[in-house]
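Enquirer: Any chance you could fold what I've pasted below:
(chains A and B)
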Amino acid sequence: MAAPERKIPAPEANPETRPFWEAATAGRLLIGKCKTCGKPHYYPRAICPLCGSDATEWVPASGRGAVYSYSVMRRVPVPYALAYVTLDEGVTMMTNIVDCDLDGIRIGQRVRVSFKPTEGGPPVPMFTPE
Amino acid sequence: MTIKGQAYIAGVFEHPTRKADDKSLAQLHAESAQGALADAGLTRQDVDGYFCAGDAPGLGGLSMADYMGLKLRHIDTTETGGSSYVIHVGHAAEAIAAGKCDVALITLAGRPRAEGMATGTAPRNYGAAPDVAFEFPFGPTVVNQYAMAAMRHMHEYGTTSAQLAWIKVAASHHAQHNPHALLREVVTVDEVVSSPMISDPLHRLDCCVITDGGGSIIVVKPEIARRLNRPRVKVLGAGEAVKHQMGGQVDLTYTGARWSGPAAFAEAGVTPADIRYVSIYDSFTITVLITLEDLGFCPKGQGGKLVADGNLISGTGKLPFNTDGGGLCNNHPANRGGLTKVVEAVRQLRGEANPKVQVKNCGLALAHGTGGSLGTRHGSATLIMERE
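Expert: Coordinates of the predicted model:
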């Protein structure tokens, strides 16, 4: 018998974040970047959280990074690994580490993005060890 | 302007219930308010300022003012999760110093046990919050977010599960003397680290209890405090801060206490070495360890050594903490532990703590609240109080 799968709730897009989810549907990871201060940010938003400028844009991310921290949730029907991954672009994002031995995850481990389907919504960016 | 010496805590109350199947939420708030007013020797008619947070039913302050029949000239419903009520004491002192009210009532209540809430293990969806779409699909719960902070602290500083366990052990030593505590059994380090893993590296006994209940605090202007027949607890300093993800520059090794602590110490004109007793928000063992570092009780990264070997146990340790048993053993009403932190600090300053855990010559105490999540965004509030 196959192991039960964890159901992923659908993210709700809004007018501000729709481009992110459209790109996710096409398998591309976007992050926010500010044309005024030049810095990337995450989660992406219209007003730069670092300098306050509204001159923000969507830029593609490499989809590669390293585990900043993680925790394997045990007390649920299907254990899963919540994590923060620091992208090579320098921003840290909340995600899951998937398709691997959960007991083998380590801080600093190199990972690559893998979009996973959700329940009735766009896919979400999760990560797997390289 | 400073609030130093401008306001006193005249009454405190911790509701004795830990499971309130037969009471409503508004009722728990009002019973808590009555308890604190009676403790102060004041009545409902004396209250002219009211403070509550997101746990209050309906339209919060409006609904509760209506229920309790309050006539108000000042209201403040600052919501920073479990730290709200520590912030409320500071805000009440500000309002009193500015002449906006004379008697401030703060209440908290909740019934998560009666409602069967999976406080720590079920993700919470805060609806239209801008972060939800980027976090909720990944299953962030209270416990696994705090666990990520613990995991990173262990990675950077070598903190161990046994060191974290000492925090629970100390709390359990205190709770055995508290007849109202939910968990009164003394536990050992081995028992903590061999309890079931909830979310790595936090075990079941690293987590606080889930309880129904409530509490209340009365803050008054000096003239009123002087005519009340109660030991006087003066507000010396308060600091508050919000820490978040900083646009993706996530750092889980410190909390907002790094900012709220120095602000409170500066206003009070004292240092960590002067503090005789601390109430530290203990949603999880890791919360206490990181907070103590950030407040300056030890250098960053040395929290494991600070809390180990019984150092937090009243009577034998250097830094007695949470002598009621804290959230880890006694009570965590409404999943918000800030208010009870102030209550036990006031008991200590008055000399009214349980005799087995009463700190000798306790003239200066600190209470610290953390609300929200160490893993994402949280409010931090530090309060320093003195026995006059």
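Enquirer: Please count neighbours and contacts with C-alpha atoms only from this point.
Expert: Noted.
Enquirer: export stretch B:356-371 as CSV, just CAs?
Expert: Taking only C-alpha atoms (Å, rounded to 0.1, in the frame of the first residue of the first chain), the coordinates of stretch B:356-371 have been written out as CSV:
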residue,chain,number,x,y,z
LYS,B,356,8.6,27.2,48.7
VAL,B,357,9.5,29.3,45.6
GLN,B,358,9.4,32.8,47.0
VAL,B,359,12.6,34.6,46.2
LYS,B,360,14.2,36.3,49.2
ASN,B,361,14.3,40.1,49.1
CYS,B,362,12.7,40.2,45.8
GLY,B,363,12.8,43.9,45.1
LEU,B,364,13.2,44.0,41.3
ALA,B,365,11.6,41.7,38.8
LEU,B,366,11.3,41.4,35.0
ALA,B,367,8.4,40.0,33.0
HIS,B,368,8.8,39.2,29.3
GLY,B,369,6.2,38.3,26.7
THR,B,370,6.5,36.8,23.2
GLY,B,371,3.6,36.7,20.9
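Enquirer: now that stretch, how far from the centre of its chain.
Expert: 12 Å (C-alpha atoms, centre = their mean, to the nearest Å).
Enquirer: again, but for stretch B:35-47
Expert: 22 Å.
Enquirer: do the same with stretch B:76-95
Expert: 11 Å.
Enquirer: Restricting to C-alpha, output that stretch in PDB.
Expert: Extracted in PDB, the C-alpha atoms of stretch B:76-95 (Å, rounded to 0.1, in the frame of the first residue of the first chain):
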ATOM      1  CA  ASP B  76      -6.400  50.200  23.800                       C
ATOM      2  CA  THR B  77      -6.800  46.900  22.000                       C
ATOM      3  CA  THR B  78      -3.100  46.400  20.900                       C
ATOM      4  CA  GLU B  79      -2.800  42.900  19.500                       C
ATOM      5  CA  THR B  80       0.600  41.300  19.500                       C
ATOM      6  CA  GLY B  81      -0.400  37.800  20.300                       C
ATOM      7  CA  GLY B  82       0.600  36.400  23.700                       C
ATOM      8  CA  SER B  83       2.900  39.400  24.400                       C
ATOM      9  CA  SER B  84      -0.100  41.800  24.200                       C
ATOM     10  CA  TYR B  85      -0.700  42.000  27.900                       C
ATOM     11  CA  VAL B  86       2.800  42.900  28.800                       C
ATOM     12  CA  ILE B  87       2.600  45.700  26.200                       C
ATOM     13  CA  HIS B  88      -0.700  46.700  27.700                       C
ATOM     14  CA  VAL B  89       0.900  47.300  31.100                       C
ATOM     15  CA  GLY B  90       3.400  49.700  29.400                       C
ATOM     16  CA  HIS B  91       0.700  51.400  27.400                       C
ATOM     17  CA  ALA B  92      -1.500  51.700  30.500                       C
ATOM     18  CA  ALA B  93       1.400  53.400  32.300                       C
ATOM     19  CA  GLU B  94       1.800  55.800  29.300                       C
ATOM     20  CA  ALA B  95      -1.900  56.600  29.400                       C
END
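Enquirer: Show me the helices in chain B, by range?
Expert: Assigned by DSSP state H, the helices in chain B fall at B:25-40, B:61-68, B:84-97, B:132-135, B:142-157, B:161-175, B:189-193, B:222-227, B:257-268, B:285-295, B:303-307, B:338-350.
Enquirer: now these in JSON lines, with mean pLDDT?
Expert: Output for the helices of chain B, formatted as JSON lines (pLDDT from 0 to 100):
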{"stretch": "helix B:25-40", "mean pLDDT": "98"}
{"stretch": "helix B:61-68", "mean pLDDT": "98"}
{"stretch": "helix B:84-97", "mean pLDDT": "98"}
{"stretch": "helix B:132-135", "mean pLDDT": "96"}
{"stretch": "helix B:142-157", "mean pLDDT": "98"}
{"stretch": "helix B:161-175", "mean pLDDT": "98"}
{"stretch": "helix B:189-193", "mean pLDDT": "98"}
{"stretch": "helix B:222-227", "mean pLDDT": "98"}
{"stretch": "helix B:257-268", "mean pLDDT": "98"}
{"stretch": "helix B:285-295", "mean pLDDT": "98"}
{"stretch": "helix B:303-307", "mean pLDDT": "98"}
{"stretch": "helix B:338-350", "mean pLDDT": "98"}
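Enquirer: Identify the residue spatially nearest to A:Tyr42, adjacent ones excluded.
Expert: Closest residue in space to A:Tyr42, ignoring its immediate chain neighbours: B:Gly248 at 4.7 Å, by C-alpha to C-alpha, 6 or more residues apart in numbering or on different chains.
Enquirer: List the residues that contact B:Gly247.
Expert: Taking C-alpha atoms under 8 Å, 6 or more residues apart in numbering or on different chains, we find B:Gly247 in contact with A:41-43, A:49-50, A:91.
Enquirer: do that again at 10 Å, thanks
Expert: A:32, A:39-45, A:48-50, A:91-93 (C-alpha atoms under 10 Å, 6 or more residues apart in numbering or on different chains).
Enquirer: Sitting in strands, which of these do you find?
Expert: Residues of the contacts of B:Gly247 located in strands (DSSP state E): A:32, A:40-41, A:92-93.
Enquirer: residue in the stretch 151-300 of chain B nearest to chain A?
Expert: Closest residue of the stretch 151-300 of chain B to chain A, C-alpha to the nearest C-alpha: B:Ser199 (4.3 Å).
Enquirer: hang on, isn't that residue packed against B:Met148?
Expert: Yes. Counting by C-alpha atoms under 10 Å, B:Ser199 touches B:Met148, with 8.9 Å between them.
Enquirer: what touches both of those two?
Expert: Contacts common to B:Ser199 and B:Met148, judged by C-alpha under 10 Å, 6+ apart, are A:70-72, A:82.
Enquirer: gap between B:Val357 and B:Asp212?
Expert: 24 Å (C-alpha to C-alpha, to the nearest Å).
Enquirer: who has more neighbours, the two?
Expert: A direct count of neighbours by other C-alpha atoms under 10 Å in any protein chain shown for B:Val357 and B:Asp212 places B:Asp212 higher, at 27 against 22.
Enquirer: Check which helices and strands the longest strand along chain A sits against.
Expert: Longest strand of chain A, by residue count under DSSP E: strand A:64-73. Under the contact criterion of 3 or more C-alpha pairs under 10 Å, 6 or more residues apart in numbering or on different chains; DSSP states H and E, strand A:64-73 touches strand A:80-87, strand A:92-97, strand A:110-116, strand A:124-129, helix B:142-157, strand B:197-199, strand B:202-203.
Enquirer: quick one, what contacts residue 122?
Expert: Since you didn't name a chain, this refers to chain A. By C-alpha under 10 Å, 6+ apart, the neighbours of A:Pro122 are A:9-13, A:20-27, A:115-116.
Enquirer: wait, chain B
Expert: A:75-76, B:139-143.
Enquirer: separation between it and B:Gly116?
Expert: To B:Gly116, B:Ala122 is 12 Å away according to C-alpha to C-alpha.
Enquirer: By neighbours, which of the contacts of B:Ala122 wins?
Expert: The most crowded member of those is B:Val143, carrying 29 neighbours; neighbours defined as other C-alpha under 10 Å.
Enquirer: Could you check how far the residue nearest the centre of chain B is from B:Asn354?
Expert: Nearest to the geometric centre of chain B sits B:Gly338, at 2.2 Å (C-alpha atoms, centre = their mean). Note on B:Gly338: its distance to B:Asn354, by C-alpha to C-alpha, is 20 Å.
Enquirer: And for B:Leu59?
Expert: Per C-alpha to C-alpha, B:Leu59 is found 37 Å from B:Asn354.
Enquirer: now B:Asp66
Expert: For B:Asp66, the distance to B:Asn354 - C-alpha to C-alpha - is 36 Å.
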